[in-house]
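1. Return atomic coordinates for the entry below.
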Amino acid sequence: MSAPDTRTQARTLGGSTGLTDRWASHPFVLVDLPEWDVRGVWQDEHACVLNVAPPAPLGEGSVPDGAAHHQRVGLWGMGTPEATAHLLARVARDGELGEHVVSAGLPRGTLTVLGDRCAGEDLPSILRDPERERSVSTWDFFATREAPAAQPGEEHVEALTGPSVAAEVRECLDVANPLAETSPDDPLVRWWGWRDTQGVLRGVVGARQAAPGAPWSLGSIATDPAWRGHGIAAATTAVVTRAGLAESDWVTLGMYADNDAARRVYTRLGYAVVQEFESRR
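-> Model prediction:
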């Protein structure tokens, strides 16, 4: 099956949000925009900031602050830190951001530049509170459009199917990466695993697709610590990447910036950083 034309998808997304083609076709936007409730867009040639309402909590209808939830928003930015800070400073001075911003994922370095450009009282607290400095996480968003070469050990990799998938993946993640963010219970995630000769799952990769034709987003790429060094992450990621490129123009993944071992694996498979982020919650 040939991959859908992402340019058509970008035009559709851009038309629904006011994004220009420059940003509507960015792989980070293509991954998540089908699920975002976009409340505002500020953009120029060098940066784009989206004001996005976060997903509603499960069972929101039964909680008393459900209405308040819909007033809360998160900021996502792309481009250079200097241009992103310039956009945010301008909209903050115009009073367009408000005080309901509960999270921010911005090009790395934006917060430093913003602090130099905009008076603290003009910014939501999440962008100006010095005590939040420790809550900043740095991570890189990778993407590829090229199918990776075959990797040793791919014969051990298989798509995981059947009613026991969630339990088996969870059991593997409990050992390999207890803090993994991609949930085995997410209905939009498909799973692949690497089995040893006894049939035991020693590594997994989850692939999430928000809508047909959207890029695949890989997550919870994890290997049993006792089995690291066997090329499991490379083999599973290569197999899943090729599967994803059969359904979309892009396959993407996110990685904490200090994970040098994972960076070497993904770079070898053809992934490249398309945006460096810093995030606050």
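
2. List the contacts of residue 251.
-> If you count contacts by CB atoms under 8 Å, 6 or more residues apart in numbering, residue 251 has them with 143-144, 207, 215-216, 218, 240-241, 244-245. For the C-beta atoms, the positions are set from N, CA and C on the backbone; glycine is no exception.

3. out of those, which is most surrounded?
-> Within the contacts of residue 251, most neighbours by other CB atoms under 10 Å means residue 215, with 28 neighbours.

4. Ignoring the adjacent residues along the chain, who's closest to that one?
-> In this structure, residue 215 finds its nearest non-sequential neighbour in residue 250, 3.7 Å apart by CB to CB, 6 or more residues apart in numbering.

5. Give me the secondary structure label for residue 152.
-> Using DSSP: H, G, I helix; E, B strand; the rest coil, the secondary structure recorded for residue 152 is coil.

6. Leaving out chain neighbours, which residue sits closest to it?
-> Leaving aside its chain neighbours, residue 152 sits nearest to residue 231 (5.3 Å; criterion: CB to CB, 6+ apart).

7. Wait, residue 235 touches residue 156, no?
-> Yes - because the distance of 6.8 Å satisfies CB atoms under 8 Å, residue 235 is recorded as touching residue 156.

8. May I have the residues that are in contact with the residue nearest to residue 215?
-> When contacts are counted by CB under 8 Å, 6+ apart, residue 250 is found next to 6, 27, 30-31, 143-145, 215-216.

9. now do 10 Å
-> When contacts are counted by CB atoms under 10 Å, 6 or more residues apart in numbering, residue 250 is found next to 3, 6, 25-28, 30-31, 143-145, 214-217, 244, 274.

10. just residue 223 next, same as before
-> 172, 175-177, 194, 202-205, 229-234, 236.

11. What helix or strand is the closest residue to residue 26 other than its chain neighbours located in?
-> Of all residues not flanking residue 26 in the chain, residue 78 sits nearest, at 5.8 Å (CB to CB, 6+ apart). Residue 78 is part of strand 73-79 when elements are defined by DSSP states H and E.

12. what angle separates the helix or strand following that strand from strand 73-79?
-> Counting by DSSP H and E, the element after strand 73-79 in chain order, helix or strand, is helix 81-93. An angle of 140 degrees separates the directions of helix 81-93 and strand 73-79 when computed by axes from the mean of the first three to the mean of the last three CA atoms, to 10 degrees.

13. and the angle for the helix or strand following helix 81-93 with strand 73-79?
-> Going down the chain from helix 81-93, the next helix or strand is strand 101-107, by DSSP H and E. Interaxial angle, strand 101-107 versus strand 73-79 (the same axes, to 10 degrees): 10 degrees.

14. all helices of the stretch 101-250 of the chain, in order?
-> For the stretch 101-250 of the chain, the helices defined by DSSP state H, counting those that start in this stretch occupy 110-117, 125-128, 165-176, 232-245.

15. If you count contacts, what does the last one end up packed against?
-> Where contact means 3 or more CB pairs under 10 Å, 6 or more residues apart in numbering; DSSP states H and E, helix 232-245 is packed against strand 137-144, strand 157-160, strand 189-195, strand 201-208, strand 216-223, strand 251-256, helix 260-268.

16. about what we covered before: residue 113: which of the contacts of residue 251 is nearest?
-> residue 143 (24.6 Å; CB to CB).

17. Test my guess that that closest one contacts residue 245.
-> No - taking CB atoms under 10 Å as the definition, residue 143 is not a contact partner of residue 245, at 11.0 Å.

18. Now the common contact residues for these two.
-> Common neighbours of residue 143 and residue 245 are listed as 215, 251 (criterion: CB under 10 Å, 6+ apart).

19. Contacts only, for residue 177.
-> Taking CB under 10 Å, 6+ apart, one finds 203-204, 220-225 in contact with residue 177.

20. same thing with residue 234?
-> Each residue near residue 234 by CB under 10 Å, 6+ apart is listed here: 148, 151-154, 203, 223, 264-266, 268-269.

21. Over to residue 40?
-> By CB under 10 Å, 6+ apart, the residues touching residue 40 are 17-18, 49-52, 73, 75, 91, 96-98.
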